[in-house]
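1. task: produce atomic coordinates for the following.
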Amino acid sequence: MQRQAAAARSRARATEDIYLFSKKLAGAGTLDDVLWATAFQIASMLKLRVVLLLPEEGTITVKAGYPPDDTLAEADIAAARWAWEHNRAAGRGADTLPGAKRLYLPLRTGRTAIGVVGLDNDKQGPLLTPEQQRLLDALADQAAVAIERIQLVADVDRARLAAEADRLRSALLTSISHDLKTPLAAIMGAAGTLREFAPALPENDRAELLTTVLDESERLNRFIANLLDMTKIESGAMEPNFALHYVGDVVGSALQRARKITAGHKTEVDIPADLPMLKLDPVLFEQMLFNLLDNAAKYAPQGSTIRLQGWADNGSVALQIMDEGPGIPSADLERVFDSFYRVRKRDQVQAGTGLGLSICRGFIEAMGGTIMAANRSDRPGAVFTIRMPRLVQSSDTDVSGVDEQASGDPA
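-> Next up, the predicted model:
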């Protein structure tokens, strides 16, 4: 009777341990977590030394062990590989390669073997009693399912990254083929006409052709600059050259630079003169504003208004660029900052690289700010809101004593 009671208590403890083990595996987020938890659980419950091996580059490799052990003799490596390849036990106490130090058993799911567990101890005779074999089967089944889950997630992530890389590569090739070819064709056409027929052309026609060469050259230069900027952002080589600046001055520089692009639009600027100085890189900030102005002019109809306004708010300085175009479809609001993504309107895609807004986000985040896209509430049109953290001056009035204070969430 006492033996039966003791056996019942032992089974109850084992059942509880298996349940806790299953919870631990369910919460494991990495393969290493699953492997180390499995090795420890098997070792502690069966009082055995444990190694876990997984396939890697055509062979089987030790990935975890308890106590930690990553060295195997040649006989053990051969037994582990045989167990993996044939999905059957090998090594100590098995019919195949019994000279190995450990017994190697495949870790199996319903689909296939996904690894091998190696077991040994210092005792003579069989490693496992029938009860221990059942316990090991239960632990190994759970571990195999958890390992497969982690591997499937990793496979999905790799497939997603590969698909994204293919999309970006395709978008880059499409962008280059269009956005290099178009201005080059215009430049070559205008230059060829001037070379062949310049003496016979009226002065106004010659001036127009020269303007085409200059405008398309500037367009080509912007495209190449965008590619270089995106390369810096993605490689992590973007290092802002910070200094204190009044945002209104940078806005004025950006508007002056974009005057040709915005020539067909009205521009309104409302930047209070008492806005605090910001710690920013004026070159990056101006380029970001230029890209936003280029985007507004591209999508808004001729004669419409592009408005820039700024204000201080909740520990930050906000700057908005608003246009009077068709706005951004709600499905595209989260994607407009993706590289090479261009909003589709009426089955048409606006010309451009699809890099301008992505560069805006890269630049503003490199300077510690944020940028958000939305639609206007008062009329059709898009609105881009930039927020930069304010600087709080210490008791020392010297500018060198200025410290950066993180901004709160946008109101």
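2. ok, residue 129 - contacts?
-> Listed by CB atoms under 8 Å, 6 or more residues apart in numbering, residue 129 has no contact partners. (C-beta placed from N, C-alpha, C; glycine too.)
3. give me the phi and psi for it.
-> The phi/psi pair for residue 129 (degrees, to the nearest 10) reads phi -80, psi 170.
4. cool, and residue 387?
-> Dihedral angles for residue 387 - degrees, to the nearest 10 - are phi -130, psi 130.
5. repeat that for the one 3 residues further on.
-> As for residue 390, its main-chain torsions (degrees, to the nearest 10) stand at phi -80, psi 160.
6. you'd agree it is up against residue 278?
-> Yes: judged on CB atoms under 8 Å, residue 390 makes contact with residue 278 at a distance of 7.4 Å.
7. which of those two has more residues huddled nearby?
-> Neighbours of residue 390 and residue 278, each counted by other CB atoms under 10 Å, are more numerous for residue 278; the result is 24 against 21.
8. just to revisit the earlier point, overlap of the contact sets of residue 390 and residue 278?
-> Here residue 390 and residue 278 share the contacting residues residue 317, scored by CB under 8 Å, 6+ apart.
9. flag the shaky bits of the stretch 301-411 of the chain, pLDDT-wise.
-> For the stretch 301-411 of the chain, residues meeting the criterion pLDDT under 70 lie at 340, 342-354, 392-411.
10. which parts of it are strands?
-> Ranges of strands in the stretch 301-411 of the chain, per DSSP state E, counting those that start in this stretch, are 305-313, 316-322, 344-345, 348-349, 370-375, 382-389, 391-393, 402-404.
11. which of these is buried the deepest?
-> When those are scored by mean count of other CB atoms under 10 Å, the highest mean neighbour count falls to strand 316-322 (a mean of 23).
12. contact partners of it?
-> Applying CB under 8 Å, 6+ apart, the contact partners of strand 316-322 are 247, 251, 271, 275-276, 278, 289, 292-293, 296, 306-312, 376, 381-390, 407-408, 410.
13. can you put the strands of the stretch 301-411 of the chain in JSON lines and add distance to residue 258?
-> What follows is the strands of the stretch 301-411 of the chain, written out as JSON lines (distance: least, CB to CB, whole Å):
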{"stretch": "strand 305-313", "distance to residue 258": "9"}
{"stretch": "strand 316-322", "distance to residue 258": "11"}
{"stretch": "strand 344-345", "distance to residue 258": "22"}
{"stretch": "strand 348-349", "distance to residue 258": "22"}
{"stretch": "strand 370-375", "distance to residue 258": "18"}
{"stretch": "strand 382-389", "distance to residue 258": "14"}
{"stretch": "strand 391-393", "distance to residue 258": "27"}
{"stretch": "strand 402-404", "distance to residue 258": "29"}
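14. hey, where'd the strands end up in the stretch 1-150 of the chain?
-> For the stretch 1-150 of the chain, the strands defined by DSSP E, counting those that start in this stretch occupy 49-56, 59-66, 90-91, 103-108, 113-120.
15. return the set of buried residues in the first one.
-> Okay, so that is strand 49-56. 49-54 (16 or more other CB atoms under 10 Å).
16. could you identify the most distant pair in those?
-> Based on CB to CB, the longest span within the buried residues of strand 49-56 runs between 49 and 54 and measures 18.0 Å.
17. and stretch 317-330, end to end?
-> Length of stretch 317-330, first residue to last, CA to CA, to the nearest Å: 26 Å.
18. nope, stretch 359-376 is what I was after
-> Stretch 359-376 has an end-to-end distance of 23 Å (criterion: CA to CA).
19. also stretch 192-202?
-> Using CA to CA, one end of stretch 192-202 lies 16 Å from the other.
20. residue 159 is nearest to which of the strands of the stretch 301-411 of the chain?
-> Closest approach to residue 159 among the strands of the stretch 301-411 of the chain (CB to CB): strand 344-345, 25.5 Å.
21. ok, which stretches of the protein are helices?
-> In the chain, the segments counted as helices under DSSP state H are 2-27, 31-46, 74-86, 130-197, 203-235, 247-257, 282-299, 356-366.
22. reformat those helices as CSV; add mean neighbour count and distance to residue 98.
-> As requested, the helices of the chain are exported to CSV (neighbours: other CB atoms under 10 Å; distance: least, CB to CB, whole Å):
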stretch, mean neighbour count, distance to residue 98
helix 2-27, 12, 29
helix 31-46, 20, 20
helix 74-86, 20, 9
helix 130-197, 14, 17
helix 203-235, 15, 55
helix 247-257, 17, 78
helix 282-299, 22, 69
helix 356-366, 22, 61
